[in-house]
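**Q** Got a sequence here, can you build the structure:
(one chain, ligands or ions: 1)
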Amino acid sequence: MGAIGIFDSGYGGLTVFREIVDKLPQYDYVYLGDNARVPYGTRSFETVYTYTKECVDKLFAMGCHLVVLACNTASAKALRTIQQRDLPHYPDLRKVLGVIRPTTEVVGRYTRTRHVGVLATLGTVKSASYPIEIHNFFPDVAVYQQACPLWVPLVENNELDPPAAGYFVERDINRLLQQSPHIDTVILGCTHYPLLLPLIKQFIPAHIQILSQGELVANSLANYLDRHPEVESLCAKERKIRFFTTDNALDFEEKAFRFYGQAIKATELKL
Ligand code: DGL
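**A** This is a model prediction of the structure:
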């Protein structure tokens, strides 16, 4: 048995992780943030795949059988290759899940106008994962995307105050909403963005729903574990939670509070 692994390029995955722990407190977890190499959102397909694979392998080596990529960019650019090309070669049962499917498979329940907007990193937008997956589940839904390349650096550096952050948040939201006056649902397609929610709400009209991923991913994971007893039985249940970062542990502890909502202890990990 092993912990459930949760991976992100940095701190963003903690916004998803806190919801997972709330919903499924009985399990052991290992969180790994690749802070030394964040951001992933502006990097090439190959680089995101290579970095993600290294981190997933590290989590497997630490005993995880199930890893959640709590990062849209990694889910968009690396998940499919890992699932289809790499996992079949492991000698025992290993599973990797992402955050895009849990969001896309429910979005049709939220939108009435069938016009959905996605705010995400450049990498996620370019991969077209959101439009492709949403169309698989809901062919009648039109999807509009806007890349927000500066939002992750703003969040990572705790530059959340208007007017500086507000300028970029307003600009990118306007660029999204200008694509269709009928958008009634906006997906925050990056796990860093919930930290910008107070600012985002200032620029998105109140009749538009904003979907954050934390709760959706936690519900989907609970459902997955129910449907896959062969994976669930490999998940340790002693409620132990450990945090690792590829960069300085003290920095991680200091910043993680804003994302996780509680103080944590972290350990630096060499890949
Ligand atoms: N948090 C990641 C995501 O959900 C992106 C951060 C990054 O660019 O590394 O896409």
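
**Q** Tell me where the stretch 151-271 of the chain has strands.
**A** 185-188, 209-211, 241-245, 266-268 (DSSP state E, counting those that start in this stretch).

**Q** Tell me which of these sits most buried.
**A** Scoring these by mean neighbour count under mean count of other Cβ atoms under 10 Å gives strand 185-188 as the most buried, with a mean of 24. From N, CA and C alone the C-beta is placed, and that goes for glycine too.

**Q** Is that one positioned near the ligand?
**A** No: using Cβ under 6 Å from any ligand atom, strand 185-188 stays clear of the ligand, with a minimum separation of 9.0 Å.

**Q** any idea of the mean pLDDT for that strand?
**A** Mean pLDDT, strand 185-188: 98.

**Q** what sits up against that strand?
**A** 103, 107, 110-111, 115-120, 130, 176, 194, 197, 200, 204, 208-213 (Cβ atoms under 8 Å, 6 or more residues apart in numbering).

**Q** For this structure, which segments are assigned as helices?
**A** 13-23, 45-61, 72-77, 79-81, 100-104, 107-110, 122-127, 129-137, 151-156, 164-177, 197-203, 214-227, 229-232, 249-260 (DSSP state H).

**Q** Lowest average confidence across the ones you listed, which one?
**A** Among the helices of the chain, helix 151-156 carries the lowest mean pLDDT, at a mean of 90.

**Q** contact partners of that one?
**A** So helix 151-156 is contacted by 10-12, 38-39, 41, 119, 121, 159-160, 164-165, 168-169, 172, 190, 192-193, 195-196, 255 (Cβ under 8 Å, 6+ apart).

**Q** near the ligand, anything from that helix?
**A** Yes: counting by Cβ under 6 Å from any ligand atom, the ligand is contacted by helix 151-156 at V152.

**Q** repeat for stretch 26-45
**A** Yes: remark: stretch 26-45 sits within contact range of the ligand at 38-41, by Cβ under 6 Å from any ligand atom.

**Q** Which one (most neighbours) among those residues?
**A** G41 (29 neighbours; other Cβ atoms under 10 Å).

**Q** So which bits of the protein are right by the ligand?
**A** Counting by Cβ under 6 Å from any ligand atom, the residues of the chain near the ligand are 8-10, 12, 38-41, 71-73, 121, 124, 152, 190-192.

**Q** Recalculate using a threshold of 5 Å.
**A** 9, 12, 38-41, 71-73, 121, 152, 190-192 (Cβ under 5 Å from any ligand atom).

**Q** Buried among those residues? Need that as a selection in PyMOL.
**A** A single PyMOL command is used to select the members of these judged buried by 16 or more other Cβ atoms under 10 Å:
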select buried, resi 9+12+38+39+40+41+71+72+73+121+152+190+191+192
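
**Q** which among the residues of the chain next to the ligand gets closest to T245?
**A** V38 (10.0 Å; Cβ to Cβ).

**Q** Which pair of the residues of the chain next to the ligand spans the longest distance?
**A** V38 and N72 (13.3 Å).

**Q** Need the residues touching each of those two.
**A** Joint contacts of V38 and N72 (Cβ under 8 Å, 6+ apart) do not exist.

**Q** and of the helices of the chain, who's closest to D92?
**A** helix 45-61 (9.5 Å).

**Q** hang on, the earlier thing: buried deepest among the helices of the chain, which one?
**A** Most buried among those, given mean count of other Cβ under 10 Å as the contact rule, is helix 72-77, at a mean of 31.

**Q** L93 is nearest to which of the helices of the chain?
**A** Comparing the helices of the chain by Cβ to Cβ, helix 229-232 comes nearest, at 6.7 Å.

**Q** which secondary structure elements does that closest one contact?
**A** Helix 229-232 sits against helix 214-227, with contacts defined as 3 or more Cβ pairs under 8 Å, 6 or more residues apart in numbering; DSSP states H and E.

**Q** Right, I'll leave it there.
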